[in-house]
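S.K.: Let's see this in three dimensions:
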Amino acid sequence: MTAVSTTTPEDTAERFRAALGPGRLLEFAVTGLDRVGTPVWSTWWQGSLVGDGGSGGIGYGSTEPSARVGALGELVENVSSARVVGAEPRESGSLREAVRRHGADAVVDPRLLGLPAGSAFDDDRPLQWLATTRLRDGAEVWVPAELVASEPTDLPGEPPPGGWLTTPVTNGLGAGTSREQAVRHGLLEVLQRDGNGLTFRAMDAGRVIDLTGVTDPATLAALDRLRAAGIDVVAKLAATDFGLVNVDVVGSAPEDDLLAASGCGEAVHADREEALRKAVLEFAASRARKQLMHGPVERVLAIAPPAYAEVVAAVDPAKDEPRVLEAMLGWLRLPAEQWRPAYDATVLREVERVPFTALPTAPAHLPLAEVTERLAAEGLDVLVRDLTTPRAAEAGVAAAKVVVPGLEVETVAYARIGERNLTRLLGGGRDDLVRVGTRPPGWARVHLTAEAEERVGGPAWLDRDALDRVPGLFFPLYREPARHAAPLALAG
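M.R.: Numbering: from 1, shown residues only. Got it, this is the predicted structure:
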């Protein structure tokens, strides 16, 4: 979901609609799918997409107009990626060939992008590449196409010999009414997921935030609504990397089903009040979002426009990742006596209390340049793939995909791991998952640059079987099937 802050939500909504162009656009509120009442909207658009017949978005906010803008913004992100990445010619060649062609400074070593441990990769593996722009100097930098794409359908045509390096994910997408807004949105998402990937959900660190001292009116109002609905809200501190506050919010009521109870809000921001507000609103909205995505289809059709029935009818559960779909189906069949104890002990666990007023903070409108400077101080570059179409530019809309080599995502879901998460796991004493030195039998090699391998003290190894066991019941907290796929598959 995306939440877009604008001075005039109605104007921004019209810009987003204009950026989409001709096609059938469906917009509807899904707020009523949950009793909390936090505004949540859904969009679905079918038009001239590359490789796909439709795309959707979900948005939330403190008001209905802001939620509607958020849903349109997420839709624009997805459509822009399909249009631009899907239509872009890809350059073929191995890492060695790309470096010879463009120079080492203009090519990202895939080892810096978190490759799946044990996957077949070396400098001579055939790849396909797309160009990005380095934010600090405007230089062209080439990145493997699957790390720029956001969906498998963004990559039409044949993959390189040996296939893609990993499954494309939406992490780093952003849209807004300016390039800076789009890039900022995408960058904060990358930072958010890098900071919380090993500290929440099934690996929750239990750092509960004491919310005494919160002053933001929208946050306080949202908390009041949640508590009035009987929901025990728990805010967790994921990280404070780069001086940014990375939080997630969870919680449930005793009578909640698993979809409602598993809602979560995530955010990272320099301003602790801003981070908490976004996370609380997203948490409140996630309860309705999960009912839309995975709850009974009849409830959705009762509040959606009549034409949405065609969208539901076109869903093919067989197109989903089998592991992802099967995990969600298993979830939906679980009785409360099986999931509730594990949920309380894992997702809601408390190890320590952190005062909200002790968290770092900065002005709410911290410039993008300052965020990138903080990253640069730790040797990290921000790469941007502009996804703005001519139609979007004419409408005053920008879209982008942000990639930050060295930051990580999807370690638990796809065993993607590099130096950063390796170091975190080693520092946390997780030698049941990772080790350095001699290879334990059956463990998978972690792909590191030569410099990283020297820093950690030798070759590194991951026990993929043990990692697969980490999420346990909670794999659907990491990856979810497409809209309506699970309830349709469940119905047979």
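
S.K.: can you pull the contacts of the residue nearest the centre of the chain?
M.R.: Centroid-nearest residue in the chain: residue 171, 4.4 Å away (criterion: Cα atoms, centre = their mean). Residues near residue 171 by Cβ atoms under 8 Å, 6 or more residues apart in numbering: 189, 190, 193, 409, 410. From N, CA and C alone the C-beta is placed, and that goes for glycine too.

S.K.: Need phi/psi at it.
M.R.: Backbone geometry at residue 171, expressed as degrees, to the nearest 10, gives phi -50, psi 120.

S.K.: Show the subsequent helix or strand relative to the host helix or strand of residue 353.
M.R.: Assigned by DSSP states H and E, residue 353 falls within strand 352-355. With elements assigned by DSSP H and E, the helix or strand that comes after strand 352-355 is helix 368-376.

S.K.: What strands flank whatever helix or strand comes next after that next one, and is each parallel or antiparallel?
M.R.: Scanning forward in sequence from helix 368-376 by DSSP H and E, the next helix or strand is strand 383-386. Applying DSSP bridges to the sheet, strand 383-386 is found paired with strand 127-134 (antiparallel), strand 398-403 (antiparallel).

S.K.: Give me the contacts around the next helix or strand after strand 383-386.
M.R.: On the C-terminal side of strand 383-386, the closest following helix or strand by DSSP H and E is helix 390-395. Residues from elsewhere that reach helix 390-395 (Cβ under 8 Å, 6+ apart): 15, 16, 18, 19, 21, 76, 80, 398, 399.

S.K.: Pull the distance from helix 390-395 to the chain's centre.
M.R.: A distance of 26 Å separates the centroid of the chain from that of helix 390-395, by Cα atoms, centre = their mean, to the nearest Å.

S.K.: Could I have the CA atoms of that helix written out in PDB?
M.R.: As requested, the backbone C-alpha atoms of helix 390-395 are provided in PDB (Å, rounded to 0.1, in the frame of the first residue of the first chain):
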ATOM      1  CA  PRO A 390       5.500  10.900 -21.500                       C
ATOM      2  CA  ARG A 391       1.800  10.700 -20.600                       C
ATOM      3  CA  ALA A 392       2.600  10.800 -16.800                       C
ATOM      4  CA  ALA A 393       5.000  13.700 -17.300                       C
ATOM      5  CA  GLU A 394       2.400  15.600 -19.100                       C
ATOM      6  CA  ALA A 395       0.000  15.000 -16.200                       C
END
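
S.K.: Let's see which of the contacts of residue 171 end up in helices.
M.R.: 189, 190, 193 (DSSP state H).

S.K.: ok so, going back, and the contacts of helix 390-395, which are buried?
M.R.: 15, 16, 19, 21, 76, 80, 398, 399 (16 or more other Cβ atoms under 10 Å).

S.K.: would the first one count as being in a helix?
M.R.: What it means is residue 15. Yes - applying DSSP: H, G, I helix; E, B strand; the rest coil, one finds residue 15 inside a helix.

S.K.: residues in contact with it?
M.R.: Listed by Cβ under 8 Å, 6+ apart, the contact partners of residue 15 are 177, 395, 396, 397.

S.K.: quick revisit: for the contacts of residue 171, which one is nearest residue 109?
M.R.: The shortest approach to residue 109 among the contacts of residue 171 belongs to residue 409, at 17.0 Å (Cβ to Cβ).

S.K.: can you tell me how far the closest one sits from residue 486?
M.R.: 23 Å (Cβ to Cβ, to the nearest Å).

S.K.: With neighbour numbers in mind, choose between these two.
M.R.: residue 486 (27 against 20; other Cβ atoms under 10 Å).

S.K.: Which element, helix or strand, includes that one?
M.R.: Assigning secondary structure by DSSP H and E places residue 486 in helix 485-491.

S.K.: That helix - contacts with which helices or strands?
M.R.: Packing contacts for helix 485-491, counted by 3 or more Cβ pairs under 8 Å, 6 or more residues apart in numbering; DSSP states H and E, involve helix 297-303, helix 322-332.

S.K.: Using CSV, please lay out the contacts of residue 15 together with distance to residue 315, pLDDT and neighbour count.
M.R.: Formatted as CSV, the contacts of residue 15 follow (distance: Cβ to Cβ, whole Å; pLDDT from 0 to 100; neighbours: other Cβ atoms under 10 Å):
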residue, distance to residue 315, pLDDT, neighbour count
177, 32, 97, 21
395, 30, 98, 20
396, 33, 97, 16
397, 28, 98, 27
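
S.K.: which of those residues sit farthest apart?
M.R.: Spatial extent of those (Cβ to Cβ) is set by the pair 177 and 395 at 9.2 Å.

S.K.: okay, how far is it across stretch 160-169, tip to tip?
M.R.: End-to-end distance for stretch 160-169: 18 Å, by Cα to Cα, to the nearest Å.

S.K.: Quick one: distance of it to the chain centre.
M.R.: 19 Å.

S.K.: For that stretch, buried residues please.
M.R.: Residues of stretch 160-169 classed as buried by neighbour count (16+ other Cβ under 10 Å): 160, 164, 165, 166, 167, 168, 169.

S.K.: So which of the residues you listed is the closest to residue 432?
M.R.: Using Cβ to Cβ, these come closest to residue 432 at residue 166, 23.8 Å.

S.K.: check contacts around that closest one.
M.R.: Residue 166 touches 115, 116, 119, 146, 147, 410, 414, 416, counting by Cβ under 8 Å, 6+ apart.

S.K.: ok, now residue 195?
M.R.: Residue 195 sits next to 238, 239, 241, 244, 246, 268 when contact means Cβ under 8 Å, 6+ apart.

S.K.: Go ahead and confirm the fifth one touches residue 276.
M.R.: Same thing as residue 246. No - counting by Cβ atoms under 8 Å, residue 276 is not a contact partner of residue 246; they are 11.0 Å apart.
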